[in-house]
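Chemist: sequence? don't have it. structure:
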């Protein structure tokens, strides 16, 4: 086996209670990430949770929709001490992988709050890391809707620009920036064992369209995610790619 996907899904979401299993266009939010992972070239897909309900719903979803791929699914009952609001994800990953370090070459972190990411995006990243031995980690990114040079930080009763050095400059002078969209984090297992993180200054940036980069953190995000998923489903039914849609008259 070469590639393992890891889907961390705590049960204690505070912004949107029960977020990971809320229905979005008829399927639980986590189902979209599970589906993309199972259909990708990942060898195994781990759903890690401290919630029995999340694990049961994940298993039921796979058996009902992807029975032929169910042998790829692993349910990981995450200990409570690794499931707090401030618990780093790598604690849960390390707990599962403690006995399996030598089995896998790459680990791919897939957050369940990114429901629009497709299996093709995962496969793209696996292909990139397999074809270029110099690349040891990949993180998915997108362009921000607003440049950070135009953002303001509030300090008590005072305001300040986030990037004061850009004050007075034209947009054309800003340069290209990205934000980490949370959809895909890939790192070679050997590298992860050394640094215990997915992102560092030499990480390869895998650019994704903003439409695929939605991260669900609020009720508004849920509404937007459902709208985007319905829109992309309609394009798929008409066999129209997103690129073709952008270029249409």
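Modeler: Great, that's in hand. Since we're looking at a predicted model, the values are computed, not measured.

Chemist: Give me the pLDDT for residue 108.
Modeler: Predicted confidence (pLDDT) for residue 108: 97.

Chemist: for it, helix, strand, or coil?
Modeler: strand (DSSP: H, G, I helix; E, B strand; the rest coil).

Chemist: correct me, but it touches residue 124?
Modeler: No. In this structure, residue 108 is not within contact of residue 124 by CB atoms under 8 Å, at 11.5 Å. (Glycine included, C-beta is placed from N, CA and C.)

Chemist: neighbours around residue 40, how many?
Modeler: 23 (other CB atoms under 10 Å).

Chemist: gap between it and residue 149?
Modeler: The gap separating residue 40 from residue 149 is 36 Å, by CB to CB, to the nearest Å.

Chemist: quick one: stretch 223-233 to chain centroid distance?
Modeler: Computed by CA atoms, centre = their mean, to the nearest Å, the chain-centroid distance of stretch 223-233 equals 17 Å.

Chemist: List the buried residues of that stretch.
Modeler: Applying a neighbour-count criterion of 16 or more other CB atoms under 10 Å, one finds 225, 226, 228, 229, 232 buried in stretch 223-233.

Chemist: can you confirm the second one is in a helix?
Modeler: What it means is residue 226. Yes. Counting by three-state DSSP, residue 226 is located in a helix.

Chemist: which helices and strands sit right next to the lowest-mean-pLDDT helix or strand in the chain?
Modeler: One helix or strand of the chain scores below all others by mean pLDDT, DSSP states H and E: helix 89-97, with a mean of 83. Other helices and strands packing on helix 89-97, by 3 or more CB pairs under 8 Å, 6 or more residues apart in numbering; DSSP states H and E, are strand 3-8, strand 44-49, strand 73-77, strand 106-109.

Chemist: could you redo the last one with a cut-off of 7 Å?
Modeler: Judged by 3 or more CB pairs under 7 Å, 6 or more residues apart in numbering; DSSP states H and E, the packing partners of helix 89-97 are strand 3-8, strand 44-49.

Chemist: strands paired with the helix or strand that the first one is followed by, and their directions?
Modeler: This points to strand 3-8. Using DSSP states H and E, the helix or strand that follows strand 3-8 in sequence is strand 23-24. Pairing partners of strand 23-24, with direction, according to DSSP bridges: strand 27-28 (antiparallel).

Chemist: Which residue ranges of the protein form helices?
Modeler: Per DSSP state H, the chain carries helices over the ranges 29-39, 52-65, 89-97, 119-131, 189-195, 219-237, 242-247.

Chemist: which of the ones you listed sits most buried?
Modeler: Sort those by mean neighbour count, taking mean count of other CB atoms under 10 Å, and helix 29-39 sits at the top with a mean of 24.

Chemist: ok, how many other residues are close to residue 115?
Modeler: Neighbours of residue 115 (other CB under 10 Å): 28.

Chemist: shaky segments in the chain?
Modeler: 1, 81-87, 99-102, 172, 249 (pLDDT under 70).

Chemist: residue nearest the centroid of it?
Modeler: In the chain, the residue lying closest to the centroid (CA atoms, centre = their mean) is residue 183, at 2.2 Å.

Chemist: residue contacts, it?
Modeler: 114, 117, 121, 140, 208, 213 (CB atoms under 7 Å, 6 or more residues apart in numbering).

Chemist: 10 Å instead?
Modeler: When contacts are counted by CB atoms under 10 Å, 6 or more residues apart in numbering, residue 183 touches 33, 36, 109-111, 113-118, 121-122, 125, 139-142, 206, 208, 212-215.

Chemist: Distance check, residue 51 against residue 173.
Modeler: 48 Å.
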